[in-house]
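[1] predicted model and sequence below, questions to follow.
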Amino acid sequence: IPGPTPRDMATGFWSIRADPLSYLAATRERYGDRVAFPIPGPPALLLSDPDDVRRVLQTSARTWGKDTVQYAALGRVTGPGLLASSEPSWIDHRRLAAPAFHHQRLDRVGVHVAEATDEALARWDVPSPYGATVDVARLTLGVALDVVGRALFSADLSDQAHRLLEATSAAARLVVRLGRGIVPVPERIPTPLNRRLVRTRRELDTLCLQLIATRRATGVGGDGAGGDDLLGLLVDSGLSDQEIRDELVTMVIAGHETVAAALTWSLMLLAQDQDAQDRLRAEALAHIGPVPMVGTAQRLPWTRAVVDEALRLYPPAWVISRRSHQPDVLSGHDVPAGTTAIISPWLLHRRADAWPEPDAFRPERFLDRSAARSDYLPFGAGPRLCIGREFALGEMTIVLGRLLTAYRIGLPRDWSPPVPQALIAVHPRGGMPLHVTPLGGR
Ligand code: HEM
């Protein structure tokens with residue numbers, strides 16, 4: 001399998017760290033769909049062939065676990081929660097959390113999404129009728145954090161819950177720094193980063209354990225037991241306090257930056273394409289009844305196509321990694337146990353052979369849903385598929401509909417597209433200033 005030489009890697013070291021997206025794209029361009037990185041020990045492969053990706057994530061998923069550098073960094077903050085866990089007990093936790101994402105509950109989350117969006121927009125102080133240039137990335141991050149907070153703690157959205165949301169959001173930045181370490185420094189060595197990690201974890205532990213204890217003691221909520229939100233569900237599930245803590249931190253980290261980033265890029269794409277924006281607005285205005293969280297593809301097909309296309313061009317989860325527990329065969333190549341597979345939706349979604357004009361924003365590609373695509377994986381694939389997929393798609397549909405029926409979004413003068421920056425999700429470096437104009441009455 002071809003790949004860069006150790007010398008290439010050494011000279012490219014800073015570009016790998018500074019701009020991993022460009023590095024991955026250049027590497028695939030140069031070496032093809034199966035690239036071996038020259039590291040000591042079992043190989044690390046960058047896989048962009050849809051057949052290999054399907055094998056690793058789906059058909060051979062039992063062979064490929066999550067004990068990778070990426071998930072080890074995340075796990076140092078979340079503990080072995082659903083996203084980072086490579087333990088067999090993952091499946092039990094997934095079953096316990098699943099009811100929180102059932103359709104009936106999600107429809108109730110839709111009410112939270114609408115409220116969180118309207119409250120955030122009410123705080124948006126945009127002068128009428130000329131509008132102003134506003135960093136929409138700040139709005140989307142605030143809304144997404146608020147939504148996840150309401151879904152987790154709606155039965156008792158206390159100050160403590162707010163503090164936990166803020167602390168976890170800050171901890172996500174720490175995960176990125178931990179993931180950038182070439183060799184993880186053991187925690188007992190008090191580097192500044194390790195000290196910060198220990199402090200952050202202690203703070204998250206204290207806040208979570210207090211919230212859990214309060215909930216166990218009071219059983220706040222409408223169902224007479226642990227409460228009618230995700231915290232209530234977890235409290236009633238029989239998980240230990242530590243396990244609940246790990247799932248809470250996981251849900252906040254997994255569930256807000258990703259949605260916020262996807263919304264931000266969607267708004268940029270819609271600011272560049274006023275026809276697509278008008279069509280979305282018209283669909284939102286014509287829709288009767290509460291905007292749905294589930295079944296969005298049937299009920300608001302254009303909005304959903306916009307969301308899907310934005311997730312294709314700017315997949316928040318830009319890299320997915322796995323490690324093989326046993327030898328496997330990928331497209332005729334033997335790979336030994338211990339091999340790391342690096343899969344990048346960012347690369348897969350821009351393959352010119354799969355997507356005509358891959359860099360163009362064309363939501364209509366997603367209007368025909370007859371063909372399932374294995375080269376489109378914003379939410380991953382196989383047994384570890386994102387549990388929050390419907391949640392995120394519904395949330396994005398509602399936020400875009402409400403925002404764009406109240407405001408027109410355009411490009412500021414002298415605008416140039418922001419550079420995508422690969423953090424936990426792909427964010428625009430320096431935010432996303434766009435021109436917003438109130439439309440007057442919804
Ligand atoms: C897993 C992406 C929103 C919770 C994943 C995975 C991806 C992903 C790619 C699979 C990772 C892998 O296979 O290694 C996204 C994107 C989102 C989003 C792009 C938004 C646009 C959410 C939301 C929540 C959530 C809203 C929760 C409220 C999770 C969890 C997992 C997961 C818990 C782990 C599932 C498991 O392994 O069983 N997500 N996600 N995500 N996501 Fe999401």
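    That came in fine, so what should we check first? Keep in mind that what you see is a predicted model, and the values were worked out from it rather than measured.

[2] residues making contact with stretch 321-340?
    The set of residues that contact stretch 321-340 without belonging to it, under Cβ atoms under 8 Å, 6 or more residues apart in numbering, is 1, 34, 41-45, 47, 49, 51-52, 55-57, 60, 63-71, 341-343. Where you see a C-beta, it was placed from the backbone N, CA and C, and this is true even at glycine.

[3] check contacts around Val198.
    Val198 makes contact with Glu187, according to Cβ under 8 Å, 6+ apart.

[4] for the helix or strand containing it, buried residues please.
    Secondary-structure assignment from DSSP states H and E places Val198 in helix 192-218. Neighbour-count burial for helix 192-218 flags Asn194, Leu197, Thr200, Arg201, Glu203, Leu204, Leu207, Cys208, Leu211, Ile212, Thr214, Arg215 (criterion: 16 or more other Cβ atoms under 10 Å).

[5] same thing with stretch 241-258?
    Buried, per 16+ other Cβ under 10 Å, within stretch 241-258: 241, 243-258.

[6] distance from it to the middle of the chain?
    Centre-to-centre, stretch 241-258 and its host chain are 13 Å apart (Cα atoms, centre = their mean, to the nearest Å).

[7] are that stretch and the ligand in contact anywhere?
    Yes - when contact is scored as Cβ under 6 Å from any ligand atom, part of stretch 241-258 falls within range of the ligand: Thr250, Met251, Ala254, Gly255, Thr258.

[8] near the ligand, which residues of this protein?
    82-83, 94, 148, 250-251, 254-255, 258-259, 262, 316-317, 320, 378-380, 384, 386-388, 391-392.

[9] one step back: buried only: go through the contacts of stretch 321-340 for me.
    Buried by 16+ other Cβ under 10 Å: 1, 34, 43-45, 47, 49, 52, 55-57, 60, 63-71, 341-343, out of the contacts of stretch 321-340.

[10] what about the residues you listed, which are in helices?
    When the buried ones among the contacts of stretch 321-340 are checked against helices using DSSP state H, the ones located there are Asp52, Val69, Gln70, Tyr71.

[11] give me the pLDDT for the second one.
    Looking back up the chat, that one is Val69. With respect to pLDDT, Val69 has a value of 89.

[12] how about Pro88?
    Pro88 carries a pLDDT value of 87.

[13] again, but for Trp415
    According to the predicted model, the pLDDT of Trp415 comes to 94.

[14] which non-adjacent residue is nearest Ala25?
    Nearest-residue entry for Ala25: Leu347, 6.3 Å, with adjacent residues in sequence omitted and distances by Cβ to Cβ, 6 or more residues apart in numbering.

[15] what number of residues lie near the one you found?
    Using other Cβ atoms under 10 Å, Leu347 is surrounded by 23 other residues.

[16] now swap in Pro417 and tell me
    Under the neighbour criterion other Cβ under 10 Å, Pro417 is assigned a count of 10.

[17] could you find the closest non-adjacent residue to it?
    Closest residue in space to Pro417, ignoring its immediate chain neighbours: Met268 at 7.2 Å, by Cβ to Cβ, 6+ apart.

[18] distance of that neighbour from Thr303?
    16 Å (Cβ to Cβ, to the nearest Å).

[19] got it, and Ala36?
    Per Cβ to Cβ, Ala36 is found 42 Å from Thr303.

[20] ok, now Asp359?
    Distance, Asp359 to Thr303, using Cβ to Cβ: 22 Å.

[21] distance from stretch 89-96 to the middle of the chain?
    Using Cα atoms, centre = their mean, the distance from the centre of stretch 89-96 to the centre of the chain it belongs to is 20 Å.

[22] ugh, typo on my part, it should be stretch 251-265
    Going by Cα atoms, centre = their mean, where stretch 251-265 is centred and where its chain is centred differ by 5 Å.

[23] repeat for stretch 69-78
    Taking the mean C-alpha point of stretch 69-78 and that of its whole chain, the gap between them comes to 15 Å (Cα atoms, centre = their mean).

[24] now do stretch 35-51
    On Cα atoms, centre = their mean, the centre of stretch 35-51 falls 24 Å from the chain's centre.

[25] contacts for that stretch, please.
    In contact with stretch 35-51 (Cβ under 8 Å, 6+ apart) are residues 1-6, 9, 24, 27-28, 32-34, 53, 56, 324, 330-331, 335-344, 347-348, 351, 354, 374-375.

[26] buried only: go through the residues you listed for me.
    Among the contacts of stretch 35-51, those classed as buried by neighbour count (16+ other Cβ under 10 Å) are 1, 3-4, 24, 27-28, 33-34, 53, 56, 324, 330, 335, 339-344, 347-348, 375.

[27] residue of this protein closest to the ligand, please.
    Ranking the residues of the chain by distance to the ligand (Cβ to the nearest ligand atom) places Gly388 first, at 2.3 Å.

[28] which residues touch that residue?
    Contacts for Gly388 (Cβ under 8 Å, 6+ apart) come out as Phe101, Met251, Ala254, Gly255.

[29] if we go to 6 Å?
    Contact criterion Cβ atoms under 6 Å, 6 or more residues apart in numbering gives Gly255 as the residues in contact with Gly388.

[30] same check, this time on the one 10 residues further on
    Applying Cβ under 6 Å, 6+ apart, we find Ile398 in contact with Val113, Ala114, Val291.

[31] what about the nearest residue to the second one once chain neighbours are set aside, which helix or strand?
    Setting aside the residues directly before and after it, Ala114 is nearest to Ile398 in space (Cβ to Cβ, 6+ apart), at 5.8 Å. Element membership of Ile398, judged by DSSP H and E, is helix 389-406.

[32] need the CA coordinates for that helix. CSV is fine.
    Once side chains and other backbone atoms are set aside, the C-alpha atoms of helix 389-406 remain, and they are given as CSV (Å, rounded to 0.1, in the frame of the first residue of the first chain):
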residue,chain,number,x,y,z
ARG,A,389,-28.9,11.4,14.0
GLU,A,390,-32.7,12.1,14.0
PHE,A,391,-32.3,14.5,16.8
ALA,A,392,-29.7,16.5,14.9
LEU,A,393,-31.5,16.4,11.6
GLY,A,394,-34.8,17.5,13.2
GLU,A,395,-33.0,20.2,15.2
MET,A,396,-31.3,21.7,12.2
THR,A,397,-34.6,21.7,10.2
ILE,A,398,-36.4,23.6,12.9
VAL,A,399,-33.6,26.1,13.6
LEU,A,400,-33.2,26.9,9.9
GLY,A,401,-36.9,27.2,9.3
ARG,A,402,-37.4,29.6,12.3
LEU,A,403,-34.4,31.7,11.6
LEU,A,404,-35.0,32.1,7.9
THR,A,405,-38.6,33.0,8.2
ALA,A,406,-37.5,35.9,10.5
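
[33] before we move on, back to that, which of the contacts of Ile398 are buried? Put it as a ChimeraX command.
    Selecting the buried subset of those in ChimeraX, with 16+ other Cβ under 10 Å as the burial test, is done by:
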select :113,114,291
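
[34] coming back round to it: next step: the buried residues of stretch 241-258 restricted to helices.
    When helices are assigned by DSSP H, the members of the buried residues of stretch 241-258 inside them are 241, 243-258.
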